Each structure stands twice: as structure tokens, then as C-alpha cells.
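Enquirer: My questions are about this predicted structure, shown below with the sequence.
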Amino acid sequence: MEVENKLNRTTAAGLLIAIGIVYGDIGTSPLYVMKSVIDGNGGLNTVSRDLIIGTISAVLWTVTMLTTVQNVIIALKATNHGEGGIFALYTLIRHKAAWLVWPALIGGAAILADGTLTPAVTVTTAIEGLKGLEFGKGNVPVSTQTTVLVITIIILLVLFSIQRMGTSIIGKAFGPVMLVWFAFLGVMGLINIGGNWWILQALNPYYAIKLLFSPYNKAGLAILGSIFLATTGAEALYADVGHVGKGNIIGSWPFVFVCLSLNYLGQGVWILNNTNLHSATEINPFYAMIPENIRLASIVLATLAAIIASQALISGSFTLVAESINLKFLPRMNILYPSDERGQIYIPAINKMLGITTIALVLFFRTSAHMEAAYGLAITITMLMTTILRYEWMVLKQGHNLANLIFVIFFSTINILFMGSSLSKFTHGGYVSLLITLLIVSVMVVWYFGNKVRDQNEAGNAYVRLDEYTDMLTDLSHDDNYPTYADNLVYMANVKYNKFIKREVLYSILDKRPKRARAYWFVTVNVTNEPFTAEYAVNTFGTKNVINIQLYLGFKKQTSVNVYLRQIVHDLIKDNTIEAQPQEYTTTPGRDVGDFKFVIVNDVISPSTTLSSYKKWLVKARVQLQNLSPNPAQWFGLEFADTVIERVPLILGKQEPARIKRVAPVDYSKTPC
């Protein structure tokens, strides 16, 4: 409750941070929305007054419905202990029905796909503003698209390279820069509106609806694909609520919405006042409406805003992957914490993948106009999946009622319309967005359902009762006939119901070569629905040296088993739950804790496995993913600990006992030479 109250507070500093973190993506949409609409309708010379007023109306009402209503008014109510995002929403309802994992997987994959597209399109669009701009008399340093691409790639390389250092320092500048950016958007919009208040007709939703069925709209329903670009980033309002607080998002959004609206209205006026301009399809109304004497400064500011939007997506991707790992949607990866801020994480493997994919997209599409065809489709998928999950949450809280039914029908219809429009650009680049999403979904499906199949088909004797082996383990601990393997032998093993453990773990201790230790630790890491839980429970089965530890860590909490276990050992020695382990040879006087050796048991699928072809393929693919993932020791924060990884065969399905018949040996004495 205290966390919830803290996140509901509104402060000046919190409002500034929210403006810097939350609105980067949606804040850069004026760079390309109207440009995309004009290009889709044949260029500046072909547009009409009705088209522009209808487009502005559609943009404003799209942002109103999908951002203000769906993500500010409704979504912020569905937080998981103050945390938002599609996976936080899923954890609230995952026990309601098994099929709910599908919208969570698909929506999460689409957000990660967007993480590669946003940096590509926003930075490219910002730098394209330099194209043809004179520096001095006749000096045009950026005259070709190739030069634009070179500058864009350099910026992206620097951006992805600095991720390992964390964003705590540059992050402090995000708020002031974005505050200036939004103020600039609003002022430029007002200047261009001037006395042309007729543009306010666009506030009437009638013109938005009329646009879709009017002959002056040459793109037809496909225009929705361009209009939807105005609301990309709307999901960030929900996903970032845990970082900046509900109160600060609600308090800062009106300012952002007004600034965005003024800029779109201003662009509309400029377009209608300049339809007789020379036929140049590359004209971007956003830059064109800015006075020439400050255009260079506006490009610099737009580039900074694009970098901040990209940074927000990259950081968000790291967070999303970390949550996916904890929910067992993705294999474990090496997660680093480059600063003291608990929310700032860095995943080297994901950073490398994002960087390579983003730069590849820039080189493949070459222009922002081509990128816009792919951009937006992934987000329409995410919004539809989130709408489904949110409806299930509303039903869980309020039951089936008319209001909830209207919600899901209304917003699902809107999302499907936008998705259909985005799919109309499938052959022009939309397929790239879909392919990236499908690739990520495939990995998630293999890992999640591969684990499910493995767990459901393990042999009936795969698990044994740990409490039935405590006497044997205690005897081994005191048996001087065996050398001491370690003072503390720790197995990262999933102990179910506080007593059942995989037979292979005890086989490793007792059968392969008895491993003698002062204390045997069996550690289970449980991921809780609460984001920052850090608790543990202990069961010693009435012994002093067989200890079952259940760690309860929030889905956003760092998994540092080595650190947690040392604290737990000191706690248990202090309250006499286990015996002290005084060390005769040590650099630390009075040290009462011995050495630790960690053992991780990994599965290798056995040829004896008997499953259907599909299930067997799932498990094999899951094992292959496991082999491609980083060292398991890094999963538990044990990369600097004494860790052993043992591989054991995984046998699934019912096994028919293999029989072999004994026969008499061949009598070669009777064989003629």
C-alpha cells in the first residue's frame, strides 16, 4: 500500500521525469505522421482541405481514444503493485485461464520488435531534416540519402555502445530536453495556426469518420496506417508507470497532449497554405513549417528527442526481456546492473541483437518513408493483445457486465481496423515487422511450452521425497571415510511442495561419487507477482545440515543467489538453526562460515525419450536454446562463485523395459578350420 501511495503522488520533479522517460516515442511522431499521410495520397500538390482537416481530426481522436482513454484513464487502474506493462498485467490474471499466455507472448514479442524499429525510423527522420540544408553560402554538407544513412548509423552505434555504462547521468537530462521539445512543438504549432482558426474544425470527430469514406482520400482505409503512427508509444504510458508513478503520468499527459495537438494543427495549416509548392514528395511539413533561421536548431533538438525516444525503447526492451526471463518466456541471460538504480539494467546479448537489427533495418529500408511501412504494425498487435488481457482483468475485478463488453468490443474494433490498415503495407515493408515479431514469438513458444512438456512428461519416479534422504545425507556428512567435497554444497534445484526434489540431484550427491559436505543446501528461486519481493523460507527437516531454502524474488528483482545465501547462512548460524563452521585457516579473524560450491544440473535429451513428434521437437528445440544461452552460473549471479555444471540425460514419456535374451556362447572348438 505504501508503494502504491508513493507512486500515486504528483511532484514537480516527478512530472519532469515523466516527460523525459514516458513520452519520447509518441513525442517524436509529429516528425513523420503528416509526411506519411501526404506521401500516401500522392504528394503535397494533390491534397485537399477536406483531406487535411479529416486527417488532423483522425490523428487527434486516435490519440484521444487509444492514449488518453485506453492508456491513461483505464489502463493505469490495472497495475501490479504499482508496476505496469503487458507482463505485469498478465501476472495479475495468469491463473484465470491457460490460454491467456498467448496474448501475453504475442504482445510482448511485438513490443520487442518495435524496439528495433523505433530507433531506426526516429533517428533517420530527424537526420533527414539536414538533407539539402545550407550551411553558409551554397554549402550543403548533407546532400544525399547516403550521407543521411552514414550519420544515422554513427548515432545508433554510439547509442548502443554506451548502454553498458548505464543511463543514470544522461537520463537526468531527458526531462529538461523533452520539456523544451514539447514546448517547441506547441509554439511552432501556434505560430503556424496564426489566425487560421478554421483548422479547429478538426476537433469535430465527424471529419475523422468522413475521411475514411470520402473520394478525396486516395489511400482509403490504408490511411489509418499513417494516422496510427501518431499514437505509437502510447503503451509506454502504461509500461512506465512503475518508474515514474501514476500521478505524474496523469499530471503530465495534458501538457504533452496539448503540445502535440497544436503541432498537428499547425502542420495542417501550413500544408493547406502551401499546396502550390513545387512538386517535391520528400517535403516534410514538420521541418518545412519552421522558420529557416531556426531550422538547424530544430533539427538538433529533434535529433536529441529521437535519441531519447530510442533510449527509452532500448531500456524498455531490457526490462521486458528481464521480466520474460522471470516468467519463463525466454532463456536466462546475463543481466548487468551498471548503476545503483534498481530499474536500470543492461543485457549484453539483447543490446547486441537490437543494435545489429536496427542498423540492418536502416540499411535495408534506406529512407524513413520506407521504414514507416513497417512501423506501427507491431504496436497494433501489442495494443490488441493488451486489450484482451485488460478485458480479462476487468472481468476478474468486476465480473461480466455491459460496460466491460462495450470496452472490449469498441477498442478491439479500433485496434483491428488499425491492424488491417497496417497490413495493407505488408508487401512494402510491413512483412519485416511481422517477421521479427514471429521470430521472437517462436523463441518464446519453444522455451515456455518446451518447459511445460518437459514438466508434464517426466517419469513418475523423476521426483523423490527429500525428507526420506536426510538421514543418509547426515551420515555422509559425518563419514570420515570420504574427503570433504565442500563445507557448503549448494544445489540450484527446484524443491516442489517443500519436499519433492528431482532424483538426479540426489543421484549426483550419493551415487556418482559420494560428495561429503558439512551442509547440503537445496535452493529454489520462486518468482512472485510482486515486483520487488526479497524473502526466504527455511526447512531443515529436523537436521542441522540438510537445508531447503525457498527464495521469493519479485519479477523485477536481481537474482543474486550467492549474495542472498551468505546472509541466510549468517542468519541461521546466529539463531542456532545450523552449526557454525569455524575456519582454522582464514584471512578473516573469527570467520564462522566455510566455503561454498554450487552445483547446477542441466538436462540433455535422451534417445530413449518417447513422445509425439511435435512434443519431442519442442523439448529438443528448448534444449538447443538452453545450449545457446549463456553459462547457467550467470543466471543465478554465480559467475564469480565456485560452480560446477553437471549434465544428465532427460528421459520423457513412458519407458518400456528393455529386455535382452541370454544365449549360450558360440563353441568355436567344433568349427572346422
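Expert: Yes, it's here. Numbers count the residues shown, from 1 in each chain.
Enquirer: since we're on residue 293, how many residues are nearby?
Expert: 7 (other C-beta atoms under 10 Å). Placement of C-beta: from N, CA and C, glycine included.
Enquirer: and what of residue 324?
Expert: 25.
Enquirer: Run through the residues that contact it.
Expert: By C-beta atoms under 8 Å, 6 or more residues apart in numbering, the contact list for residue 324 reads 87, 108, 330, 444.
Enquirer: Which of the three states applies to it?
Expert: Here residue 324 is helix, with the state taken from DSSP: H, G, I helix; E, B strand; the rest coil.
Enquirer: swap in the one 5 residues further on?
Expert: State at residue 329, reduced to three classes by three-state DSSP: coil.
Enquirer: Quick check: chain neighbours aside, which residue is closest to it?
Expert: With sequence-adjacent residues excluded and distances taken as C-beta to C-beta, 6 or more residues apart in numbering, residue 329 is closest to residue 444, at 4.7 Å.
Enquirer: Nearest to residue 381 among the contacts of residue 324?
Expert: residue 108 (10.4 Å; C-beta to C-beta).
Enquirer: Reduced to three states, what does the closest one come out as?
Expert: Assignment for residue 108 (three-state DSSP): helix.
Enquirer: Quick check: closest non-adjacent residue to it.
Expert: residue 86 (5.6 Å).
Enquirer: So the one you found is in contact with residue 104, correct?
Expert: Yes. Here residue 86 lies in contact with residue 104, judged by C-beta atoms under 8 Å, at a distance of 6.2 Å.
Enquirer: what touches both of the two?
Expert: Overlap of the contact sets of residue 86 and residue 104 (by C-beta under 8 Å, 6+ apart) consists of 385, 389.
Enquirer: any chance of the contacts of residue 324 in JSON lines, plus neighbour count, distance to residue 197 and pLDDT?
Expert: Below are these laid out as JSON lines (neighbours: other C-beta atoms under 10 Å; distance: C-beta to C-beta, whole Å; pLDDT from 0 to 100):
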{"residue": "87", "neighbour count": "27", "distance to residue 197": "45", "pLDDT": "89"}
{"residue": "108", "neighbour count": "28", "distance to residue 197": "44", "pLDDT": "93"}
{"residue": "330", "neighbour count": "25", "distance to residue 197": "52", "pLDDT": "91"}
{"residue": "444", "neighbour count": "23", "distance to residue 197": "51", "pLDDT": "95"}
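Enquirer: Output the residues you listed as CSV; include the columns distance to residue 302.
Expert: Conversion of the contacts of residue 324 to CSV gives the following (distance: C-beta to C-beta, whole Å):
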residue, distance to residue 302
87, 32
108, 30
330, 34
444, 35
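Enquirer: from these, which single one is nearest residue 276?
Expert: Set against residue 276, the nearest of the contacts of residue 324 by C-beta to C-beta is residue 108 (47.8 Å).
Enquirer: Give me the three-state assignment for residue 517.
Expert: Using three-state DSSP, the structure places residue 517 in strand.
Enquirer: Enumerate every residue touching the closest residue in space to it that isn't next to it in sequence.
Expert: The shortest distance from residue 517 to any non-neighbouring residue, by C-beta to C-beta, 6+ apart, is to residue 489 (3.7 Å). Shown in contact with residue 489 (C-beta under 8 Å, 6+ apart): 509, 515, 517, 519, 520, 521, 597, 599.
Enquirer: Recalculate using a threshold of 7 Å.
Expert: Contacts were defined as C-beta atoms under 7 Å, 6 or more residues apart in numbering; by that measure residue 489 touches 515, 517, 520, 521, 597, 599.
Enquirer: now for the residues you listed, which pair is the farthest apart?
Expert: 515 and 521 (12.3 Å).
Enquirer: In terms of neighbours, single out the busier of those two.
Expert: residue 521 (24 against 21).
Enquirer: Can you tell me the element the more buried one falls in?
Expert: Using DSSP states H and E, residue 521 sits in strand 516-528.
Enquirer: what sits up against that strand?
Expert: 326-327, 466, 473, 476-477, 479, 482-495, 501, 509, 545-555, 559, 561, 565, 578, 581, 594.
Enquirer: filter these to the buried ones?
Expert: Neighbour-count burial (16 or more other C-beta atoms under 10 Å) is assigned, among these, to 326-327, 466, 473, 476-477, 485-486, 488-495, 501, 509, 545-555, 559, 561, 565, 578, 581, 594.
Enquirer: Filter the residues you listed down to the ones in strands?
Expert: Taking DSSP state E, the ones among those that sit in strands are 485-486, 488-492, 501, 546-554.
Enquirer: Near residue 300, how many other residues are there?
Expert: 13.
Enquirer: Please name the nearest non-neighbouring residue to residue 190.
Expert: That would be residue 262: by C-beta to C-beta, 6+ apart, it lies 5.7 Å from residue 190.
Enquirer: Hmm, that neighbour is touching residue 187, no?
Expert: No. Taking contacts as C-beta atoms under 7 Å, residue 262 lies outside contact range of residue 187: 8.1 Å.
Enquirer: Tell me which of these two has more neighbours.
Expert: Neighbour count, other C-beta under 10 Å: between residue 262 and residue 187, residue 262 has more, with 21 against 14.
Enquirer: so what pLDDT did the more buried one get?
Expert: Confidence at residue 262, expressed as pLDDT, is 97.
Enquirer: so how far is stretch 623-638 off the chain centroid?
Expert: Relative to its chain's centre, stretch 623-638 lies at 19 Å (C-alpha atoms, centre = their mean, to the nearest Å).
Enquirer: now the end-to-end length of that stretch.
Expert: This stretch, stretch 623-638, spans 21 Å end to end (C-alpha to C-alpha, to the nearest Å).
Enquirer: In CSV, list the C-alpha atoms belonging to the helix or strand residue 90 falls within.
Expert: According to DSSP H and E, residue 90 maps onto helix 86-93. The C-alpha trace of helix 86-93 is given here as CSV (Å, rounded to 0.1, in the frame of the first residue of the first chain):
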residue,chain,number,x,y,z
ILE,A,86,1.8,-6.2,-20.6
PHE,A,87,3.7,-8.8,-18.5
ALA,A,88,2.7,-7.1,-15.2
LEU,A,89,-0.9,-7.2,-16.4
TYR,A,90,-0.5,-10.9,-17.4
THR,A,91,0.7,-11.8,-13.9
LEU,A,92,-2.5,-10.4,-12.4
ILE,A,93,-4.7,-12.8,-14.4
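Enquirer: got the buried residues for it?
Expert: Buried residues in helix 86-93 (16+ other C-beta under 10 Å): 86, 87, 88, 89, 90, 91, 92, 93.
Enquirer: Can you tell me which of the residues you listed is nearest residue 303?
Expert: residue 86 (29.8 Å).
Enquirer: Is it correct that that closest one is in contact with residue 107?
Expert: Yes. Counting by C-beta under 7 Å, residue 107 is a contact partner of residue 86 at 4.6 Å.
Enquirer: buried ones in stretch 362-372?
Expert: 362, 365, 367, 368, 369, 370, 371, 372.
Enquirer: so what's the last one closest to, chain neighbours aside?
Expert: Using C-beta to C-beta, 6+ apart and skipping the chain neighbours, the partner closest in space to residue 372 is residue 36 (4.9 Å).
Enquirer: Equivalent analysis for residue 303, please.
Expert: residue 126 (4.4 Å).
Enquirer: For residue 368, see how far away the one you found is.
Expert: Counting by C-beta to C-beta, to the nearest Å, the separation of residue 126 from residue 368 is 9 Å.
Enquirer: what sits against the closest residue to residue 125 other than its chain neighbours?
Expert: If you skip the residues right next to it in sequence, residue 125 has residue 368 as its closest partner in space, 4.2 Å away by C-beta to C-beta, 6+ apart. By C-beta under 7 Å, 6+ apart, the residues touching residue 368 are 32, 121, 124, 125, 128.
Enquirer: and with 6 Å instead?
Expert: Residue 368 makes contacts with 121, 124, 125, 128, as judged by C-beta atoms under 6 Å, 6 or more residues apart in numbering.
Enquirer: Show me where this protein has its strands.
Expert: So, for the chain - with DSSP E - the strands run 463-465, 484-492, 500-502, 516-528, 534-539, 546-554, 596-605, 643-650.
Enquirer: Output these as CSV; include the columns distance to residue 112.
Expert: Listed next are the strands of the chain as CSV, based on distance: least, C-beta to C-beta, whole Å:
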stretch, distance to residue 112
strand 463-465, 35
strand 484-492, 27
strand 500-502, 32
strand 516-528, 19
strand 534-539, 27
strand 546-554, 21
strand 596-605, 26
strand 643-650, 28
